[in-house]
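J.: Got a sequence here, can you build the structure:
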Amino acid sequence: MTDPLLRQYHDEEWGVPVRDSRLLWETLVLESFQAGLSWLIVLRRREGFRRAFAGFDPEKIALFTDADVDRLMQDEGIIRARAKIVATIGNARAYLAMRGNGEDFADFISKLVPDAPLHNPSGTVLSQSPLSLKISKELKSRGFRFVGPVIVYAWMQAVGLVHDHDPSCFRYTPKREVSSDL
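T.: Now for the predicted structure:
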């Protein structure tokens with residue numbers, strides 16, 4: 001890892017447990033934009049995303065219109081993928097619908113992954129897991145889009161739901177409990 005931005009992200013953020021609903025949602029949005037691209041591209045544009053998407057305020061994003069989609073498609077500070085932009089707006093609405101139904105996003109995730117961080121029992125880095133498939137299905141049933149099991153697994157790694165640091169990494173911690181539920 002030679003890029004300083006990527007190294008800083010790894011050293012300070014990746015895998016650190018997140019329990020804040022809005023920050024969990026923001027990270028999921030960014031992971032959805034990463035699909036098919038390098039994470040470094042997303043990191044280099046993260047501030048552009050925060051500006052373009054109203055600081056990742058779901059209440060503001062849920063009000064975005066087709067004109068906002070057109071505006072965002074012209075914004076060179078973000079990844080300009082119409083389907084991902086439209087999904088982000090829809091995901092803000094799904095997030096708010098959950099909240100409106102009394103379902104806090106962090107609590108929802110905590111119920112699905114109560115013993116986080118889980119450790120990968122195989123010792124190899126996965127691209128998806130049975131748990132990421134389950135979370136993906138649960139999110140989709142609530143109206144979320146661009147949350148397939150691969151995106152969800154990468155998100156699980158990013159927000160500390162699963163511990164996938166290599167044993168040679170200074171951020172690695174010994175397994176406290178091997179999980180087959182991963």
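
J.: Strands of this protein, start to end?
T.: Using DSSP state E, the strands assigned to the chain run over residues 118-119, 162-163.

J.: you'd agree D166 is up against N120?
T.: No - applying C-beta atoms under 8 Å, one finds D166 not in contact with N120, separated by 10.7 Å. Just so you know, the C-beta spots here come from the backbone N, C-alpha and C atoms, and that holds for glycine as well.

J.: Between those two, which is the more surrounded one?
T.: Using other C-beta atoms under 10 Å as the criterion, D166 and N120 rank with N120 on top: 18 against 9.

J.: any idea how far V162 is from the more buried one?
T.: Remark: distance between N120 and V162 (C-beta to C-beta, to the nearest Å) = 7 Å.

J.: And F56, by the same measure?
T.: Distance from F56 to V162, counting by C-beta to C-beta: 23 Å.

J.: Which one's more surrounded, these two?
T.: Counting neighbours by other C-beta under 10 Å for F56 and for V162 shows that V162 has the greater number, 25 against 19.

J.: Now for that one: which residues touch it?
T.: Under the criterion of C-beta atoms under 8 Å, 6 or more residues apart in numbering, the neighbours of V162 are V113, A116, P117, L118, H119, N120, S129, L131, Y153, M156, L182.

J.: swap the cut-off to 7 Å and go again
T.: V162 makes contact with P117, L118, N120, M156, L182 under the criterion C-beta atoms under 7 Å, 6 or more residues apart in numbering.

J.: Of these - the most surrounded one?
T.: Going by other C-beta under 10 Å, M156 tops these with 30 neighbours.

J.: thought that one was touching L133?
T.: No - taking contacts as C-beta atoms under 7 Å, M156 lies outside contact range of L133: 11.3 Å.

J.: State which helix of this structure is the longest.
T.: Secondary structure of the chain per DSSP state H: the longest helix is helix 82-100.

J.: Pull out the buried positions in that one.
T.: Residues 84-96, 98 are the ones in helix 82-100 that count as buried (16 or more other C-beta atoms under 10 Å).

J.: just stretch 5-16 next, same as before
T.: Of the residues in stretch 5-16, those buried by neighbour count under the rule 16+ other C-beta under 10 Å are L6, Y9, H10, W14, G15.
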